[in-house]
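S.K.: heads up, no residue letters with this:
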Ligand SMILES: Cc1cc2nc3c(=O)[nH]c(=O)nc-3n(C[C@H](O)[C@H](O)[C@H](O)COP(=O)(O)O)c2cc1C
Ligand code: SF4
Ligand code: FES
């Protein structure tokens, strides 16, 4: 093993890859060395000196394990009188000016300083001088509170801002023992990623303003899950108090997906779960108002009405729309219910699709999907291309992955966008265009890529000019380094030629392939948009994906055949721009809505069924890179609310061909057996950090 | 809000040219800004950030680290008396007390007329000419109460003569006039 | 002894280019770039035994030889931060003979393949900056610096860079951070500056005095240089001496002569009525020595002071007279380090103010029996634990003053007062 070195730690021999930091080597062999400033996701700084260990032959005293790479034959002692004295000494220094206000500190109970003091610290302090004082706590920004007295100046937050989020907003001010963290002239710390500093802080200096003082860590249980707020699928732990209240989301490191970061949109959006506004029981319309009712009454009513509509107008009169925030299990049962129980093919998911795709566009979509790449492969990309896509808006943590690819793996970035985006400042090249000319831009780039610069003037493009030469030159220089990662926004927001846009992206990708290999990543709408597609929750979809006439278009048509609709969690009445659309929903003979809240759409319904949120059910989501990940039930649903799939199974009991699922695992087994995209992906393969279907893993 | 003069911007431009990496010019450029404004104000930091393509946070992070940058306003003349061991053996604290009494301010304070600020500072590499101080970063060494009086008087007179002029000119002409007998 | 570095004490106006040139100025540089290969220059400097004059005494030629041959660009940075209490030699070397430094820079740069060198002066050296800037401009105009010097094809540019008040920026890696426009935080090593220094490129950092020696060595040869000083410490050393002596100032001393010669002959002895209680030989970071006859006879050399349990460092001699309370002297030193700690690492950031506060408390008559072992234990917890040597430096005089003046500490604690309270103020 040439690329490994052998060292001896506390008498035990270990082999680790060359270049490993001593701390990491020890950690991987279960040897605990205390740290404060070091964090596995940030570069080492060796500032706190808590990780001192003895290395034989080091004459200058103990060295920091966090910043020292292993070396062949190293002999290390992590427990020796010298090391223990050093650790006690450092912890004593750390506590000199610390307020020791553990009884009122949010961090007490999960505080590394508390733990380490207990394990390695001195019993008492010999410090009798007055402590340093600061006004506490202050609002560092809208989301974060800062208690400078508790701060141990590990500068993890500072390094996060400088190295990871690159917003540089939290910095060190002043120097020596006056050093403090802060922002320029107390300007509020505003960032899409602010919440990460709460978790990075090894003490209670940075806390979430939303959560301060309303829980004690030891009252909480953490349940692994997946953030439901975008298709990135960042892994989270849901902290629950007293088994029924969600208190916070914490990151849960999945190096393939989030690399331990969360965005604020995800992290701070949990209050909806505990909201008193949640629907607690089925509601049935009585004239202009709703009345609470029982499940049996509600379901029987729906079944009767559906059956008579089908009898009168045929099954095609019934349509169903589901939100891509539902689990794969919900969606699968939904599709089976519509097709096998009611007998209609009219299903769709919303948001999206908005247009019917031509066969050419379907081919384009398929071609792009064939190149779908794992997120983590961004680190191996020579050039990342943002094609009309702004990850910071749509899948924020993807922005951090791109920054990492640039900073640590020297990826180039090309931004093709009508306007400046957050990542533009890191771009090696930018191309802009009028928003409605997206497809033209893609075609122009594709043609540019295919025409050698020298011969460009002779024909590939009809006009010849200096500007053209310059453009071609820029294209060739910008796309010189493969492999390529093309990230496109598959909603084509603001693009007029939506259908054309897809084919144009495919054309561009094909042209790019003449230079190097290409992987693609679409930016989607919701946490399970990919699952909704894979499961064929698409208009006209019978088996596999198809993109016929979308529900909105169909219902808006003057001769719409639809008389009844089931809407699962989609808020069409709010989101459709056409003001007449709500009236069309209201005019249906039967509108059933599954919802968490009394939304604009729910208000139009004949029957509203209270649904379980993602935190109240077990199932799977498929993220942007087609990674299937598990969410688990963490709290009970409010009132008698139920998971969407459970509601549908119960409803199907009133029909001739009832469904018989009792557990979500059963449903996934069936998906893995029947749905092409997931064939063979059994739950046992998915594990705590998810899995991508085998066929798509690179060989 | 731009606060630096055209002249300062030109000097900054020359400074920036000297470095292969723009950020390297940060310390010298802050000196230019402070020399012009008397201190490093919020606006100055913002403008410097802009000129060097940095974030203002990065500028304050640096400005607040170094003792020579005044991040709060100071008087026209800043008296910085060395208090470190070699000077203290030679009467530095007596000189500090003397200045303090004469001007009626404690170290760290500025006179009500905005003329003088007094600071105690660490070793300024003039231990052999103790006690000593810098006034607007010019050396005044082998201090005695008489010398201190003379300096203060000279400064006050200059202030009267050039009352219409800018602070920058006053400090410059004064330091040239009473320049280095050291 | 004829001065090597301090020729300005004998030749008037040596700071003017014509005068400097009249006295062999830039001849060594001419010789180096027209007659020698870079490696040969490094070899001469290695052979001369010149060691760094910034404090650590690292062999200069060795340092240059670490620069990889094939990584470009490389940088030379002159450390003119001179902020250690007691040190003021580089100031005089730059003020009185700026071209000697510039010529040294040009030669050293040539030896390591550098075309752009920086002189980092402490920010308070405003007028030194003006002197150096003028000298650089003069040398450019006369063709001694710039493009294609002496028709050799070699280009050299020198940039004078002012810091802004921070002792830590004398530490070479913090200096680099500062020069790059950051807070002056010392850097993790490895990589060492010779591999990744300024802007991530191979870099040599040398003290002003070190570099000022280079023209003389290249002009006169290694053997000539070795005819000065001792075997282990060849050459001369500019010694700064301050405190109540008759002629405080800088004196260029042949290494191996005694401190007595510096104190009594050159500096004219103690001022009337003052007695030598103790002295610090190498700037605030070097442990003080009591003023015993034996200690007065120590030879001015790295080995001399190492053997005496102290350090020659930058040869900055601070004289502590007998009417100064040792705790007051110590307090001033401790407050200096607490003020100058950069704050990056915990032991130094928290430990240095703790030391200062404890000394202040004892001095003001509120000391406790347990404070002396406490002081020593705090030192123990800083020494060898801090990120850079500043932390270590902060401990050396506490340990020394407690060791040599234990009685004085005890007296403060026992009587709950400073026995020197009626005397001159050394504390604020
Ligand atoms: C806290 C600290 C302060 C220092 N200050 C200076 C200084 O002001 N001037 C200097 O030349 N070296 C100083 N040094 C030493 C430098 O780090 C470095 O060793 C020296 O510049 C190397 O040059 P030389 O080999 O020519 O001595 C300091 C070191 C430390 C740890
Ligand atoms: S020892 Fe630590 S705090 Fe002190 S100056 Fe060095 S790095 Fe900074
Ligand atoms: S964890 Fe190693 S120095 Fe902080």
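M.R.: The structure has been received and is ready for your questions. Given the structure is predicted, the values throughout are model-derived calculations rather than measurements. Residues are numbered from 1 along each chain as shown, chains lettered A, B, ... in the order given. Ligands and ions are numbered 1, 2, ... in the order given.

S.K.: measure residue C:198 to ligand 2 for me?
M.R.: 19 Å (C-beta to the nearest ligand atom, to the nearest Å). C-beta here means a position set from N, CA and C on the backbone, and glycine is covered the same way.

S.K.: Can you tell me the SS state at the residue lying closest to that residue once chain neighbours are set aside?
M.R.: Take residue C:198 and drop its neighbours on the chain: the residue closest to it by C-beta to C-beta, 6 or more residues apart in numbering or on different chains is residue C:75, 4.4 Å away. Residue C:75 falls in the strand class when you classify it by DSSP: H, G, I helix; E, B strand; the rest coil.

S.K.: Tell me how many other residues crowd residue C:75.
M.R.: Counted by other C-beta atoms under 10 Å in any protein chain shown, the residues lying close to residue C:75 total 24.

S.K.: Tell me who's in contact with it.
M.R.: Contacts for residue C:75 were tallied using C-beta atoms under 8 Å, 6 or more residues apart in numbering or on different chains; they are C:114, C:116-118, C:197-199, C:201-204.

S.K.: before we move on, what about residue B:40?
M.R.: B:30, B:33-34, B:63, B:69-71.

S.K.: tell me which of the residues you listed is nearest to residue C:143?
M.R.: residue B:30 (33.7 Å; C-beta to C-beta).

S.K.: That closest one is in what secondary structure piece?
M.R.: Element membership for residue B:30, per DSSP states H and E: helix B:26-37.

S.K.: Check which helices and strands that helix sits against.
M.R.: Applying 3 or more C-beta pairs under 8 Å, 6 or more residues apart in numbering or on different chains; DSSP states H and E, we find helix B:26-37 packed against helix B:6-17, helix B:42-51, helix B:56-63, strand C:157-162.

S.K.: out of the ones you listed, deepest packed?
M.R.: Comparing those by mean neighbour count (mean count of other C-beta atoms under 10 Å in any protein chain shown), helix B:56-63 comes out on top with a mean of 25.

S.K.: which residues touch it?
M.R.: Contacts of helix B:56-63 (C-beta under 8 Å, 6+ apart): A:168-173, A:183-185, A:187, B:26-27, B:30, B:40, B:45-46, B:48-49, B:52, B:69, B:71, C:181-183.

S.K.: Give me the helix or strand of chain A that scores worst on average pLDDT.
M.R.: None of the helices or strands of chain A scores lower by mean pLDDT, DSSP states H and E than helix A:112-120, at a mean of 86.

S.K.: Go through it and flag the buried ones.
M.R.: Under the neighbour-count criterion of 16 or more other C-beta atoms under 10 Å in any protein chain shown, helix A:112-120 has A:112-114, A:116-117, A:120 buried.

S.K.: and the next element down the chain from that helix?
M.R.: Following helix A:112-120 toward the C-terminus (DSSP H and E): strand A:138-139.

S.K.: ok, residue A:65 touching residue A:31?
M.R.: No: look at residue A:65 against residue A:31 with C-beta atoms under 8 Å: they stay out of range, at 9.4 Å.

S.K.: who's more crowded, the two?
M.R.: Counted by other C-beta under 10 Å, residue A:65 and residue A:31 do not tie: residue A:65 has more neighbours, with 30 against 19.

S.K.: if we look at stretch C:348-362, which residues are touching it?
M.R.: Counting by C-beta under 8 Å, 6+ apart, residues outside stretch C:348-362 touching it are A:93-94, A:96-97, A:127, A:129, A:153, A:176-177, A:179, C:327, C:330-331, C:334-335, C:337-338, C:341-343, C:367, C:371, C:374-375, C:378-379, C:381-382, C:386-388, C:390-391, C:394-395, C:398, C:409, C:412-413, C:427.

S.K.: and these, which are buried?
M.R.: A:93-94, A:96-97, A:127, A:153, A:176-177, A:179, C:327, C:330-331, C:334-335, C:337-338, C:341-343, C:367, C:371, C:374-375, C:378-379, C:381-382, C:386-388, C:390-391, C:394-395, C:398, C:409, C:412-413, C:427.

S.K.: Residue A:521 contacts residue A:490, correct?
M.R.: No: Residue A:521 is beyond contact range of residue A:490, at 9.6 Å (criterion: C-beta under 8 Å).

S.K.: Could you name the helices and strands sitting against the helix or strand hosting residue C:127?
M.R.: Assessed by DSSP H and E, residue C:127 sits inside helix C:126-141. Helices and strands touching helix C:126-141, as assessed by 3+ C-beta pairs under 8 Å, 6+ apart, comprise strand B:138-140, helix C:17-22, helix C:89-96, helix C:98-111, strand C:114-121, strand C:157-162.

S.K.: now for the shortest one, which elements pack on it?
M.R.: This points to strand B:138-140. Strand B:138-140 packs on helix C:126-141, going by 3+ C-beta pairs under 8 Å, 6+ apart.

S.K.: got the buried residues for the helix it packs on?
M.R.: C:126-129, C:131-133, C:135-136, C:138-140.

S.K.: Is it in proximity to ligand 1?
M.R.: No: counting by C-beta under 6 Å from any ligand atom, ligand 1 is not contacted by helix C:126-141; separation bottoms out at 13.3 Å.

S.K.: now that helix: how far from the chain's centre is it?
M.R.: Relative to its parent chain, helix C:126-141 has a centroid offset of 22 Å by C-alpha atoms, centre = their mean, to the nearest Å.
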